[in-house]
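> any chance you could fold what I've pasted below:
(chains A and B)
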Amino acid sequence: MDKDILILGIESSCDETAAAVVKNGHEVLSNVIYSQIDIHTEYGGVVPEIASRKHIEKIDRVILKAIKDAGVTKDDIDAVAVTYGPGLVGPLLVGVSAAKAYAYGLDKPLVGVHHIEGHIAANYIEHPDLKPPYLCLVVSGGHTHLVRVKDYDDFEILGFTQDDAAGEAFDKVARAIGLGYPGGPKIDKVSKQGNPEAIDFPRAKVGNSKYDFSFSGVKSAVLNYLNAAKMKGEEIVCEDVAASFQQAVVDVLVDHAISCACDLGENMIAIAGGVASNSSLRATFMEEGKKRGIEIVYPSPIFCTDNAAMIACQGYHEFVRGRRAGLDLNAVPALKIGERAY
Amino acid sequence: MIILGIDSSGTTASAAVLCDGKVCSDISSDTTFTHSKTLLPMVDMAIKAANIDKKDIDLIAISKGPGSFTGLRIGAGVAKGLAIALKKDIVPVPTLEVLANRIPFANGIVCPIMNARRNQVYTAAYEPDFQNFGDSRYTNMKMVLPMEAMGIEELFEKLLPLGKPVVFTGDGVQEFETAIREGYKGEYAFAPAYMVKQSAAVVAVLGEKYSNEGMAVSPENFDLLYLRKSQAEREKEAKGAL
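Okay, here's the model as predicted:
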């Protein structure tokens, strides 16, 4: 490589205001995340208007801190990369507006990044050897996708959820068993004290494609189980319900990804998104991968959560391929994986 | 002193450049296009039309609200992004004041009304102070009713006892014209189409005045003025009150 390329990433698609500086698409120089989780916990989920208000309060200092923490100056930055979708429109617009004006003020190029493609790119940070093509399972509060990463900027969706995202099912079940928001980490935690085989929740098969997912069935099964137990006056062991539910979801995710890899002859699977930090998902994947000789990679928890380092990573690959966004870049709340809306 | 003025608080978006008290450029657009797509290109146009370099900008003046929550944040995002790139301060200007200052010579009260939805308006009332006019570059409007969100009938009850003719202005006029014609018992008039909207030139001029009074802030200390909490917060408070 002739010259190092520094990308400033900016992310505000949900309830994290984040900025980061990344060198050459994988070396994280800074990673600043201002999380609003405590505020939204009071409401049992993310409130878009409150999230937007917090984003605009913090966006400038998060950017300045990312530059400072990286030990560089704003003039050292080669380009600004910003999440422009998918996500909540109000929160997205804060990051997009600030990123555009910042890049414009500095006379630097601007790149728009897909939030989920950013999650996938988070894998490059700790696995610099990871190169397309490979298979990636994206699991988060809003997404459950099995994606073939054909190139850094070329994605093919092989399977996706027909109803709830995996993370969404975690949130709903966590609420039903009184764990509250956010569901994923809470279920993961109590499951460690529970028996994953205590209750046999269904592993749903979906008609359309053998790689598609469905999680509304298992969610309903949990709710029905809880109701039935209450009616009969049976004791509900929260830890067992959590562990059994989690295992049902994890089994389907791992099974689909592994069988897809076997069908396609892929020997590597990357996991991405918030649910990628689930300990049971990681453990089951490693175990099954080992059996089939498939290498499994995933980012550290800090890069699984919404962050801007991953946006800078993906932004780097878009930047070196010559993609540039204009001053009229808009937020695209329903942007699809692989879609380019500018 | 070069000031960039920005307003995206309502359906109109505008950008203007004020150079040493002179409005060098003033770009405005009121279409169905989202401010997210139009505002920054308009800022760029205003800078080019004023024949300055963006690095020459000394201060960014912005219409801080009330107004459309999303519109305000697009403006604030642009203002903050530019301010940290150029290392400049931001001077916030209340949007209702911007509207009132477009009609600085009214013989009576100027009452800006902005559509706040939920059958309310964001409003305030101002009156020109001809006694203490001061610097000829600035208007001198004194506030006679504070900024609030309220129903139009409630506003009428507050305006009537002031006993003076009222000029209604702002984007709420369109929505509430019939209500005013039918419900307001005092003397009144409506601002003409070319004066009824927010203007970045006014934002810049008021920004200069406020900056002279020491009211410019660093980007991290700039806050929008919503005049209304989010629906989730209102509902939560209502529940708590029961």
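> from here on, contacts and neighbour counts on C-alpha atoms
Fine.
> same question for the longest helix belonging to chain B, mean pLDDT?
Looking only at chain B and at elements set by DSSP state H, the helix with the highest residue count is helix B:69-86. Across helix B:69-86, pLDDT averages out at 98.
> and for stretch A:107-119?
Mean predicted confidence for stretch A:107-119 is 98.
> tell me the buried residues in stretch A:149-165?
Taking 16 or more other C-alpha atoms under 10 Å in any protein chain shown as the neighbour-count basis, stretch A:149-165 is seen to contain the buried residues A:149, A:152-153, A:155, A:157-161, A:164-165.
> what does stretch A:212-227 give?
The neighbour-count check on stretch A:212-227 (16+ other C-alpha under 10 Å) flags A:212-220, A:222-223, A:225-226 as buried.
> equivalent analysis for stretch B:32-52, please.
Judged by neighbour count using 16+ other C-alpha under 10 Å, the buried positions of stretch B:32-52 are B:34-47, B:50.
> ok, residue A:161 - contacts?
If you count contacts by C-alpha atoms under 8 Å, 6 or more residues apart in numbering or on different chains, residue A:161 has them with A:143-145, A:212-215.
> ok, and which of those residues reach chain B?
Taking C-alpha under 8 Å from any C-alpha of the partner chain, there is no overlap between these and the neighbourhood of chain B.
> mind putting these into TSV with distance to residue A:175 and pLDDT?
As requested, the contacts of residue A:161 are exported to TSV (distance: C-alpha to C-alpha, whole Å; pLDDT from 0 to 100):
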residue	distance to residue A:175	pLDDT
A:143	19	92
A:144	20	95
A:145	24	96
A:212	25	94
A:213	22	94
A:214	19	93
A:215	16	94
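> chain B: which of those residues is nearest?
The shortest distance between chain B and any of the contacts of residue A:161, using C-alpha to the nearest C-alpha, involves residue A:143 and amounts to 24.9 Å.
> name the nearest residue to that closest one, sequence neighbours excluded.
Of all residues beyond its chain neighbours, the one nearest residue A:143 is residue A:165 (5.1 Å), with distances taken as C-alpha to C-alpha, 6 or more residues apart in numbering or on different chains.
> now residue B:175
Once flanking residues are discounted, residue B:175 sits nearest to residue B:115: 7.1 Å by C-alpha to C-alpha, 6+ apart.
> separation between that neighbour and residue A:21?
Residue B:115 sits at a distance of 41 Å from residue A:21 (criterion: C-alpha to C-alpha, to the nearest Å).
> what residues of the longest helix that chain A contains count as buried?
Secondary structure of chain A read by DSSP H shows that its longest helix is helix A:238-264. Of all the residues in helix A:238-264, those buried under the rule 16+ other C-alpha under 10 Å are A:238-258, A:260-261.
> who does residue A:138 form a beta bridge with?
On DSSP bridges, the residues paired with residue A:138 through beta bridges are residue A:145, residue A:272.
> where in chain A is pLDDT low?
In the prediction, chain A carries residues with pLDDT under 70 at positions A:1, A:207.
> now swap in chain B and tell me
Low-confidence segments of chain B (pLDDT under 70): B:241-242.
> pull the contacting residues for the spatially most central residue of it.
Closest residue to the average C-alpha location of chain B: residue B:95 at 1.8 Å, with C-alpha atoms, centre = their mean. Listed by C-alpha under 8 Å, 6+ apart, the contact partners of residue B:95 are B:9, B:63-67, B:198.
> ok, it to chain A distance?
Separation of residue B:95 from chain A (C-alpha to the nearest C-alpha, to the nearest Å): 18 Å.
> now that residue. Its backbone dihedrals?
Note on residue B:95: backbone dihedrals following degrees, to the nearest 10 are phi -60, psi -40.
> intersect the buried residues of stretch B:32-52 with the contacts of chain A.
Filtered for proximity to chain A (C-alpha under 8 Å from any C-alpha), the buried residues of stretch B:32-52 shrink to B:36-38, B:40-41.
> how about a markdown table for those, with distance to residue B:126 added?
Listed next are these as a markdown table, based on distance: C-alpha to C-alpha, whole Å:
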| residue | distance to residue B:126 |
| --- | --- |
| B:36 | 31 |
| B:37 | 33 |
| B:38 | 31 |
| B:40 | 31 |
| B:41 | 33 |
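> got these as JSON lines, with secondary structure and distance to residue B:85 columns?
Converted to JSON lines, those look like this (DSSP: H, G, I helix; E, B strand; the rest coil; distance: C-alpha to C-alpha, whole Å):
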{"residue": "B:36", "secondary structure": "helix", "distance to residue B:85": "19"}
{"residue": "B:37", "secondary structure": "helix", "distance to residue B:85": "20"}
{"residue": "B:38", "secondary structure": "helix", "distance to residue B:85": "20"}
{"residue": "B:40", "secondary structure": "helix", "distance to residue B:85": "14"}
{"residue": "B:41", "secondary structure": "helix", "distance to residue B:85": "17"}
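> between those, which is nearest chain A?
Distance ranking of those against chain A, using C-alpha to the nearest C-alpha, places residue B:37 first at 4.1 Å.
> burial measure for the spatially closest residue to the closest one that is not a sequence neighbour, as a count.
With C-alpha to C-alpha, 6+ apart as the measure, residue A:328 is the residue that lies nearest to residue B:37, at 4.1 Å, once sequence neighbours are left out. In terms of burial, residue A:328 registers 19 neighbours under the definition other C-alpha atoms under 10 Å in any protein chain shown.
> now do the contacts for residue A:328.
With C-alpha under 8 Å, 6+ apart as the criterion, the residues that contact residue A:328 are B:36-38, B:40-41.
> near chain A, which residues of chain B? Just list them.
Within chain B, the positions lying close to chain A (C-alpha under 8 Å from any C-alpha) are B:36-38, B:40-41, B:54-55, B:70, B:73-86, B:219-220, B:222-223, B:230, B:232.
> residues contacting the residue nearest the centre of chain A?
For chain A, the residue lying nearest the average C-alpha position, counting by C-alpha atoms, centre = their mean, turns out to be residue A:273 (2.3 Å). Residue A:273 makes contact with A:116, A:119-120, A:138-140, A:304-306, according to C-alpha under 8 Å, 6+ apart.
> give me the contacts around the longest strand along chain B.
Taking DSSP state E as the assignment, the strand of chain B that covers the most residues is strand B:141-150. Contacts of strand B:141-150 with the rest of the structure, by C-alpha under 8 Å, 6+ apart, involve B:96, B:100-101, B:104, B:116, B:120-129, B:227-228.
> if we go to 7 Å?
With contacts defined as C-alpha atoms under 7 Å, 6 or more residues apart in numbering or on different chains, strand B:141-150 is touched by B:101, B:104, B:120-129, B:227.
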